[in-house]
Each structure stands twice: as C-alpha cells, then as structure tokens.
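Trainee: Got a predicted model here, sequence first, then my questions.
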Number of protein chains: 4
Amino acid sequence: MMTTSKEQVEQLVAEILQDSTEEDEEVLLHLLNGLREKQQGIHRRYINATLHMVGKFEPEVSEVRIPITPVIHNTIKVPHGGIVATIADAAMGGLASRYVPEGYNVVTTNMNISYIATTTNKELIARGRFVHKGRQTLVMECDIEDETGRRLAIATGSFFVIQRRP
Amino acid sequence: MMTTSKEQVEQLVAEILQDSTEEDEEVLLHLLNGLREKQQGIHRRYINATLHMVGKFEPEVSEVRIPITPVIHNTIKVPHGGIVATIADAAMGGLASRYVPEGYNVVTTNMNISYIATTTNKELIARGRFVHKGRQTLVMECDIEDETGRRLAIATGSFFVIQRRP
Amino acid sequence: MMTTSKEQVEQLVAEILQDSTEEDEEVLLHLLNGLREKQQGIHRRYINATLHMVGKFEPEVSEVRIPITPVIHNTIKVPHGGIVATIADAAMGGLASRYVPEGYNVVTTNMNISYIATTTNKELIARGRFVHKGRQTLVMECDIEDETGRRLAIATGSFFVIQRRP
Amino acid sequence: MMTTSKEQVEQLVAEILQDSTEEDEEVLLHLLNGLREKQQGIHRRYINATLHMVGKFEPEVSEVRIPITPVIHNTIKVPHGGIVATIADAAMGGLASRYVPEGYNVVTTNMNISYIATTTNKELIARGRFVHKGRQTLVMECDIEDETGRRLAIATGSFFVIQRRP
C-alpha cells in the first residue's frame, strides 16, 4: 500500500517533533505559517512564503521586508549574504516588472551588491528605485537596511525587458 | 491554557493539508525533509536545510548544489535570481572561510552576478574558485550551471578576512 | 652625435604638423595645454593633464570634470567607457583618500559601473559621495552626467584603507 | 593677425621645453609618438594613440596592451584604476564588436572590476574572452596582468548589441 503525501507529511512532522529543539520548532512554525499564508493568498510564490517576504510597490519606489529569523541565518547567526541579494532582487525586479507594459516582463541581467554591515536586529528592509527607464533595459538601485535604519548593503541591478510568453 | 509549539505545529499542518494542492504538499515535504536532515546533521544551518543546499569543499575548488523545486521558483517558474546569488555566495564564501587560518572567518564585501540564461532543469550547481588569496582580502569566481552543463550565471566575490569572535 | 629629448620633440612636432588634419591639431593643442598646465601646478599627475581632468573635493562630496574631445572618443565618437570609469574612480577615490587620516591612503578594490546613456555634449561630470565609512573599507557611489544633466552612468566603488609608504 | 593652430602648437612646445623636467620630456615624446603613429595608421583613435594601446583580436580571445609610463600613473606611481578599466573595456568591447554581424555594434552596459594587485613593471596586458554570446547581449570576462604574469585585476562586462547608425 502506497503512502500518500499527506501521510508522509504527518509522519515527518511527528519525527521532527520527537527530536526538536526550541529553535527547530520556531523554524518549523515559521515555514508552516508561510505556507498557510500562501494558501490564503498573502504570498504568490513559495520562496516568498518560506522567507515571509512581503513587498509594497508604488510606481517609483518599492519596499520589501523579510523578518530576521534562524531560517535566514548564516554560520555566524546574521542574515545570509544570499538572502540580502534575494530581497534586493525582489525589490528591484518587482518594481521593474510592474513598470513594463502589459505583455512584457523583466529578467535580471546583472546585480552588484556591496555589503556594508551586518545586523542582529529583527528585519531586513530593501528599498528599490529607478535609475534609468529604457525601452529595452532598466537600471535600478536598492538600499538594504534593518528596521533601525542601519544600512546593511547597497545594490545595483540591470534588467532586460522581454515579451511575456503567452 | 497555552498552546505549546508542538500543538501549534500540528494544528497548522492539519489546516494546510486540508486546503493543500499537490504542489503545496510537494513543497511541504521538501521543507520537512530538509529540517529532518538538519536534525540528522546533514545540514548545519536552516537556510541550507530549507533549500536542500549541499556543498563539497576541496582546498582550491567548491561545488554547491540546490535542487530546483517550486520552493525556489520566481513568478515565471524558473529559479529566483536571489537564490542563484545565494548558491554563489555559499560556494565562494564557504571555500574562502575554509582557507583562512583557525580563529579567522570571512565576510562578503562585494558580489557581482551576471545572469546568462535560465533553466527548467533539475539542479543548480555553483562551482567556486580562488582568483586572489591576500592576507586581508580574497577574490573568488564562481560559475553557476544546471546539471546538463547549461551556464546560468557567473559571479565574482570579494571577501574580507576578520577575526572570529570568541 | 646623440639627439637630445628636446630635439626629438621638435622633430616629431614638425613631422606631425606636416601631415596634420584639423582634428590632429586640436588634439595636439589639447595635450600640450594639459602638459603646460601641469608645469603650472594645475594638475598633479600626467593622466589628469592629458585628460584635462579637474576636481573639487569637499568633505562629503566630490565633483570631477573632463571635457569631451576627440582625445576620449571611442570608435563611435562618444566618450570611451574606460574614461567614464576613470572619472568615476577619480571622483570616488579622490574623496576617499582625502577622508582617511594622515599617513593613510586608499586603494580601489572593486568598481562597478552601469552605463545608461551616451552623449555628444561637452563635458563629463562625476559626482562622488560616501555610502559607508569603515575603519578599513570605504564604500562610495558616483553619478556620471554631462553638463546638461543627462545621466550617463552610475558607479559603486569599494576602497581599502592602507598605510602610506614612508 | 590670428595665430594658426600650428603656430600655437610650436609656441606651446617651446614654452613646455623651457621649463621641462626629464619626466615631462618623456611624457611629451610618448604622446607625440602616439599621435605620429595614429597618422601612420597604427592607431584608429586618439585615446589609443595617447595610451599607446594596441590590441590583437582573434575570434574567441583578445589581448590588449598599454605600456606603463608616467602618463597612466596615479598619485602613488602605479597604473590608475581607470586605465585598468579602460584596457579591460577595450579588450572585451573590441572582441564583442568584432563578433556581431555587419551593420551591428555593441555598447557596454555594465562593467565590474576587482582590483587584486598593483605593479611597478612595464606593461598592462588585458585578455578578453566570451562567457555568453546571446542575440541581444554578450557577457565577457577579462584578466589584467603585467608582463611578468602578475594578475592585477579581473573584470566582467555586459554588452548590448545595437544596430550601427548608417
């Protein structure tokens, strides 16, 4: 008899909870809450759900946030550099993709990040803005801070405008 | 009466499974398997567990892998640019941190990624190598491919050597 | 009998003027004026003299200018991308080197330039500013425009603080 | 009576030679030789003539050289970071522009340079190669060394293919 996905889920959860540290449970709740929020329409993609990444996009500027939890810690318990890149790409790319006309989308062609400081505070906040709005390429800038205004990194991104596949 | 973390986990899992699509279950199993593997010592950090990111580090080169699943998809169902940056940072930074002497560590000061192509294949593979081994700064390069050898991106990283906090 | 440098100069000038186009003469005058200005103390280095590159450095911001002449044209008669990089490096590095204490200097460790537009106008103007003033590293930003305010490029630079050799 | 360009040239040369140091004369000869070589067809642009920048372009790789003289020195008498960027852009862009079909050209959209070491040797040598040959974008890499093989910098460049103006 084959085990269904649901049964596998339940069994794995039981196994994890048997050996779990407090931090394991915190992480597990975080991931599950993200998934639940995706089902409720709060997140459109699993990556956003997993990271609890939420964004606000105005025509000219964007603001994307990720809570700092053990889910995104690197070995020295500060946010992983790749997650800083992820929030920067989301803030710039999300703004860029909303700018291009119906039927078009953008792809990142280049991203450059300078890391300035790290933080043990609560939240990563990336703010994106336009530098150049070309017909075929967009250039964006982004500041990444924590919730106290401590600047963690700056990023520059180049985006190429493509036709959306039907 | 307060609900324990474990009870919250179980309740959330039940709620998720009630509304779950096949893809939700696939993602949930993926995340849970990652956490279980962390408990078993396969992953040292939750970010690696969440992404199923595993690395091999030889003295001069590194190879880090992430399976391509809906967990890392962006809106157009290909790997999120930030996750490509994450695997590049892991491949370069992991190699750099193993190079510096006992009592030291590295922090990323700059990362530049040029995105070349995207993929609908199965795996992201990042291969890191040294360009320069200075006393205070390390410069690294990295190629990111899928498992068929399709080149997805190239990255350059600068790392600063710091004393490890005791 | 050996020819002196001065005699060689005079002979070369004569040869050049014999075959010279109007543009050759414009370029020659430009280079000679730069050298003369260096002798008069207007430029400290030959590279600045050759490009007629002049800068103003306030504590927090810098402004460096280069006239657009055939000397810096690329094949399509607009400023060479490398000269845009040169003025950006001068604006950021000049500001950074004035910031560090007596006995110290800075070296560029990374520069990233995004080119936005080109120009057939009269002047390249680079404006540098600080993003981060660390004890060992400085991060700078720079906008490059022409004299009409048309934005040509943006640059980010990382600088490492070194002890000046005695 | 108006002074002609030629007369202005001769007068400036006389003034410069009256006050000239040995280094001034070396630089002046260098610049004049470059201009003469341009007249003889060795250089196509004044920027190449001024820097004595010469390149070899094979289908897949390029090699561009600049002699290290006081013309390109920065304040600490090593090659100016901007000139390292210039030779990198020339090596990558020159290769890219020869690759695109008749009637097309390329423009640099992004350049990233990591500076590794400096040199007091004789020559800057940049070697360019392709990373990606797309229909609309090209990605290139470049190593910059001196003539002893000492690696000075690495660069990555993105180029956009444009139609050549008639």
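Mentor: Structure received. Numbering: from 1, shown residues only, chains lettered A, B, ... in the order given.
Trainee: from here on, contacts and neighbour counts on C-alpha atoms
Mentor: Noted.
Trainee: quick one: average confidence on stretch A:29-41?
Mentor: Regarding stretch A:29-41, the rounded mean pLDDT is 97.
Trainee: actually stretch A:159-166, not the one I wrote
Mentor: Averaging pLDDT along stretch A:159-166 gives 86.
Trainee: in that stretch, what's buried?
Mentor: A:Phe159, A:Phe160, A:Val161 (16 or more other Cα atoms under 10 Å in any protein chain shown).
Trainee: Also stretch A:39-52?
Mentor: Buried, per 16+ other Cα under 10 Å, within stretch A:39-52: A:Gln39, A:Ile42, A:His43, A:Arg45, A:Tyr46, A:Ile47, A:Asn48, A:Ala49, A:Thr50, A:Leu51, A:His52.
Trainee: same check, this time on stretch A:16-35
Mentor: Buried residues in stretch A:16-35, counted by 16+ other Cα under 10 Å: A:16-17, A:20, A:24-35.
Trainee: Alpha carbons of that stretch, in PDB - could you do that?
Mentor: Extracted as PDB, the C-alpha positions of stretch A:16-35 are listed here (Å, rounded to 0.1, in the frame of the first residue of the first chain):
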ATOM      1  CA  ILE A  16      10.800  16.100  13.700                       C
ATOM      2  CA  LEU A  17       8.800  17.000  16.800                       C
ATOM      3  CA  GLN A  18      10.200  14.000  18.600                       C
ATOM      4  CA  ASP A  19      13.800  15.300  18.300                       C
ATOM      5  CA  SER A  20      13.100  19.000  18.100                       C
ATOM      6  CA  THR A  21      14.900  21.800  19.900                       C
ATOM      7  CA  GLU A  22      13.100  25.000  20.600                       C
ATOM      8  CA  GLU A  23      14.800  26.600  17.600                       C
ATOM      9  CA  ASP A  24      13.600  23.700  15.300                       C
ATOM     10  CA  GLU A  25      10.100  24.400  16.400                       C
ATOM     11  CA  GLU A  26      10.400  28.100  15.900                       C
ATOM     12  CA  VAL A  27      11.700  27.500  12.300                       C
ATOM     13  CA  LEU A  28       9.000  24.900  11.600                       C
ATOM     14  CA  LEU A  29       6.200  27.200  12.700                       C
ATOM     15  CA  HIS A  30       7.700  30.000  10.600                       C
ATOM     16  CA  LEU A  31       7.800  27.800   7.500                       C
ATOM     17  CA  LEU A  32       4.300  26.400   8.100                       C
ATOM     18  CA  ASN A  33       2.800  29.900   8.800                       C
ATOM     19  CA  GLY A  34       4.400  31.000   5.500                       C
ATOM     20  CA  LEU A  35       2.700  28.100   3.600                       C
END
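Trainee: Return the distance of it from the chain's centre.
Mentor: 20 Å (Cα atoms, centre = their mean, to the nearest Å).
Trainee: what's it in contact with?
Mentor: By Cα atoms under 8 Å, 6 or more residues apart in numbering or on different chains, the list of residues contacting stretch A:16-35 from outside reads A:43, A:46, A:48-52, A:69-71, B:5-6, B:8-9, B:12-13, B:16, B:24, B:28, B:31-32, B:35-36, B:39, B:46.
Trainee: same question for the helix or strand that contains A:Ala14, mean pLDDT?
Mentor: Per DSSP states H and E, A:Ala14 falls inside helix A:5-19. When pLDDT is averaged along helix A:5-19, the result is 95.
Trainee: Tell me what angle that helix forms with helix B:5-19.
Mentor: Angle, helix A:5-19 to helix B:5-19, by axes from the mean of the first three to the mean of the last three Cα atoms, to 10 degrees: 170 degrees.
Trainee: tell me which residues in helix A:5-19 are buried?
Mentor: Result for helix A:5-19 [16+ other Cα under 10 Å]: buried residues A:Lys6, A:Val9, A:Glu10, A:Leu12, A:Val13, A:Ile16, A:Leu17.
Trainee: ok, the fourth one to chain C distance?
Mentor: Same thing as A:Leu12. 46 Å (Cα to the nearest Cα, to the nearest Å).
Trainee: Look up the closest residue to that residue, ignoring the ones flanking it.
Mentor: Using Cα to Cα, 6 or more residues apart in numbering or on different chains and skipping residues adjacent in sequence, the residue nearest A:Leu12 is B:Leu32, 6.6 Å away.
Trainee: What of the second one?
Mentor: Of all residues beyond its chain neighbours, the one nearest A:Val9 is B:Leu29 (5.9 Å), with distances taken as Cα to Cα, 6+ apart.
Trainee: Is that neighbour in a helix, a strand, or coil?
Mentor: Judged by DSSP: H, G, I helix; E, B strand; the rest coil, the three-state class of B:Leu29 is helix.
Trainee: circling back to that earlier point, between the buried residues of stretch A:16-35, which is nearest C:Arg151?
Mentor: Checking those against C:Arg151 by Cα to Cα gives A:Gly34 as the nearest, at 41.5 Å.
Trainee: residue ranges with poor pLDDT in chain A?
Mentor: Scanning chain A for pLDDT under 70 picks out the ranges A:1, A:166.
Trainee: could you show me where the helices are in it, in order?
Mentor: Assigned by DSSP state H, the helices in chain A fall at A:5-19, A:22-39, A:46-51, A:81-99.
Trainee: Quick one: check the last one for contact with chain B.
Mentor: Yes. For a cut-off given as Cα under 8 Å from any Cα of the partner chain, helix A:81-99 has contacts with chain B, namely A:Gly81, A:Gly82, A:Ile83, A:Ala85, A:Thr86, A:Ile87, A:Ala88, A:Asp89, A:Ala90.
Trainee: what's the burial count for A:Thr120?
Mentor: For A:Thr120, the neighbour count with other Cα atoms under 10 Å in any protein chain shown is 12.
Trainee: Likewise for A:Ala155?
Mentor: What A:Ala155 shows, counting by other Cα under 10 Å, is a neighbour count of 26.
Trainee: what bridges to the nearest residue to A:Asn110 once chain neighbours are set aside?
Mentor: Nearest residue to A:Asn110 in three dimensions, chain neighbours excluded: B:Ser114, at 4.5 Å (Cα to Cα, 6+ apart). Note on B:Ser114: beta-bridge partners by DSSP bridges are A:Asn110, B:Ile154.
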